[in-house]
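Chemist: prediction below, plus the sequence it came from.
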Amino acid sequence: MKVLVTGVGGFIGAHVARRFLAAGHAVAGADDFSSGYRENVPPGVELVEGDLAEPGTITALPRDCELILHLAGQSSGEISFDDPVSDLRKNTVSTLNLIRYGIACGARRFVYASSMSCYGSVPDAPIAESSPCLPLSCYGVGKLAAEGYLRVYARQLPFVALRMFNVYGPGQDLSNLRQGMVSIYLAQALAAGRVQVKGSLDRFRDFIYIDDVVEAWWQAAFRAEAAGQAINVGTGRRTCVRELLEAMRPHVPGMDWYVEGSTPGDQSGIYADGRQLGEQLGMTRFVPLSEGLARFAGWARAQSA
């Protein structure tokens, strides 16, 4: 099968592309490298460089892709407030363009990188996919809108929307201090021994390791029962910021933190109800946070050596 992976120079996109290449699939990739990196693109990928919100980039894509894995886009709620129109183009217009491309090519399935940000402010309880979606950021609004377009065209192009929670692990961009809680804290801890926490230490998240996320993408690409679903990709474990920082300490000895500032559109707390992930994608076991942090910190130290 020939697979299109958008955002192939990004953290998750590069990992997903490697998985499909290793399994023997042909992989075409697309990226404008506004946030991803050319050196992240795995060898063997047929690369198209350009912005997927632009018709010219869509025209340049190969016409024989049977599976579309759409991971390209702007991935920070905080950054989405800087230029909401740009965020809309990168996350929603690009998706609509790719849906039309997929229909024209006769693609079998479209898997979309959605987000927990679709939910907005939620109760302190596991959040199921049926929960109301009231996003707090421009980023969340765009992600939810893109899901809506996928549903409109679902009869012509089957889809799966993966609402990813807090993904972390080797390959994450440690220079971006506005996206990815674990990577932001780890980068600061390794560089200065001190972490700035924007918001309460009692905020909570669901941290999922990159290998588990790649497995979710693999399963979503092929499982018939997943078609037409929005599926949470999280461990179902509630971890507060204070617990995360304490878990990082063994891997960055002597690190400390302080609370200062806040982040626009930030969710005070959210973690996944993982029942659909288990039922639709067969995933019930995940890399423990302690193990994931050890792998991530080891990789990060090697990068700076």
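Modeler: Cool, got the structure. Residues are numbered from 1 along each chain as shown.

Chemist: shaky segments in this structure?
Modeler: Along the chain, the parts satisfying pLDDT under 70 run over 305.

Chemist: which parts of it are strands?
Modeler: 2-6, 26-31, 46-49, 67-70, 109-115, 159-164, 166-168, 194-197, 204-205, 207-209, 229-233, 239-240, 256-259 (DSSP state E).

Chemist: how long is stretch 122-136 end to end?
Modeler: With C-alpha to C-alpha, to the nearest Å as the measure, the ends of stretch 122-136 fall 11 Å from one another.

Chemist: what does that stretch contact?
Modeler: Taking contacts as C-beta atoms under 8 Å, 6 or more residues apart in numbering, the residues outside stretch 122-136 that touch it are 77, 116-121, 141, 143-144, 163, 204, 229-232, 236, 238, 265-267, 269-276. Where C-beta positions appear, they are placed from N, C-alpha and C, glycine not excepted.

Chemist: next step: those residues restricted to helices.
Modeler: Among the contacts of stretch 122-136, the members falling in helices (DSSP state H) are 77, 141, 143-144, 275-276.

Chemist: buried among these? Need that as a selection in PyMOL.
Modeler: What follows is the PyMOL syntax selecting those of the ones in helices among the contacts of stretch 122-136 that are buried according to 16 or more other C-beta atoms under 10 Å:
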select buried, resi 77+141+143+144+276
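
Chemist: distance to residue 283 added to the ones in helices among the contacts of stretch 122-136, as TSV?
Modeler: Rendered in TSV, the data for these read as follows (distance: C-beta to C-beta, whole Å):
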residue	distance to residue 283
77	25
141	28
143	21
144	23
275	11
276	10
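
Chemist: just the ones in helices among the contacts of stretch 122-136 now: which is nearest residue 247?
Modeler: Checking these against residue 247 with C-beta to C-beta, the nearest one is residue 77 at 23.3 Å.
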